[in-house]
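1. test case, fold it:
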Amino acid sequence: LQFWEGGPRYSKLQKAEVGQWISSKHNMGMAFTRTVWDKIRRCSTQFCTYDDYNWDWSLQHVSLNCMKEKLQVMMMKGPRVFHIGECGVHHKKSDCDSNLVMDKVKNILKTANTFLFPAKLSVGRMGLKKKVKLKKGNGGWGDKRDHDMCRNMTSVG
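-> Take a look at the predicted model:
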């Protein structure tokens, strides 16, 4: 887990980058327009039947294989969203205290508070270091009932 210092460091991070959405980098704190949602819904069969239990990899699959234009992202350089699930499934250490993680996040937000909503924001283009390739899904989403439920939730009307 990488924590950013709050306060003065945030004053240097009043920047955003725009570029291609990559599931492993841009899967927290998302918001999108109705237009983007409609594009995702038009690809619901591909999204709902891609055999990966991770929604973000399914969305990456749709972006690369179904949409006319790949999903784009605008990401703040100074984060506003933090991963606090350090004691969950992917935790490797034996010592885990979720309260310590929460305390760190609260401290960052407290010290960065005056910099979170800047009057000016510079926007740049993020460089894509290499072509994004999607591997075979991780599995765990092969049950037809899950596919049907997902398609029902994304159907129009």
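2. spatially nearest residue to the spatially most central residue of the chain (excluding sequence neighbours)?
-> Centroid-nearest residue in the chain, with Cα atoms, centre = their mean: residue 27, separated by 1.3 Å. Leaving aside its chain neighbours, residue 27 sits nearest to residue 56 (3.9 Å; criterion: Cβ to Cβ, 6 or more residues apart in numbering). C-betas here are computed from N, CA, C, even on glycine.
3. next: residue 102.
-> Distance criterion Cβ to Cβ, 6+ apart; nearest residue to residue 102, sequence neighbours excluded, is residue 84 at 6.2 Å.
4. all the strands of this structure, residue numbers only.
-> Along the chain, the stretches classed as strands by DSSP state E are 15-20, 72-76, 122-125.
5. could these go into CSV alongside mean pLDDT?
-> Below are the strands of the chain laid out as CSV (pLDDT from 0 to 100):
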stretch, mean pLDDT
strand 15-20, 90
strand 72-76, 90
strand 122-125, 90
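6. reformat the ones you listed as JSON lines; add distance to residue 153 and mean neighbour count.
-> Compiled in JSON lines, those are given as follows (distance: least, Cβ to Cβ, whole Å; neighbours: other Cβ atoms under 10 Å):
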{"stretch": "strand 15-20", "distance to residue 153": "26", "mean neighbour count": "15"}
{"stretch": "strand 72-76", "distance to residue 153": "23", "mean neighbour count": "15"}
{"stretch": "strand 122-125", "distance to residue 153": "34", "mean neighbour count": "10"}
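7. closest one to residue 50 among those strands?
-> Using Cβ to Cβ as the measure, strand 15-20 is the one of the strands of the chain that comes nearest residue 50, at 18.5 Å.
8. what about the helices in this protein?
-> In the chain, the segments counted as helices under DSSP state H are 8-11, 34-42, 44-49, 55-65, 98-112, 144-154.
9. burial count for the residue nearest to residue 67 when sequence neighbours are not counted?
-> When the adjacent residues along the chain are set aside, residue 67 lies closest to residue 39, with 5.8 Å between them (Cβ to Cβ, 6+ apart). Applying other Cβ atoms under 10 Å, we find 18 residues neighbouring residue 39.
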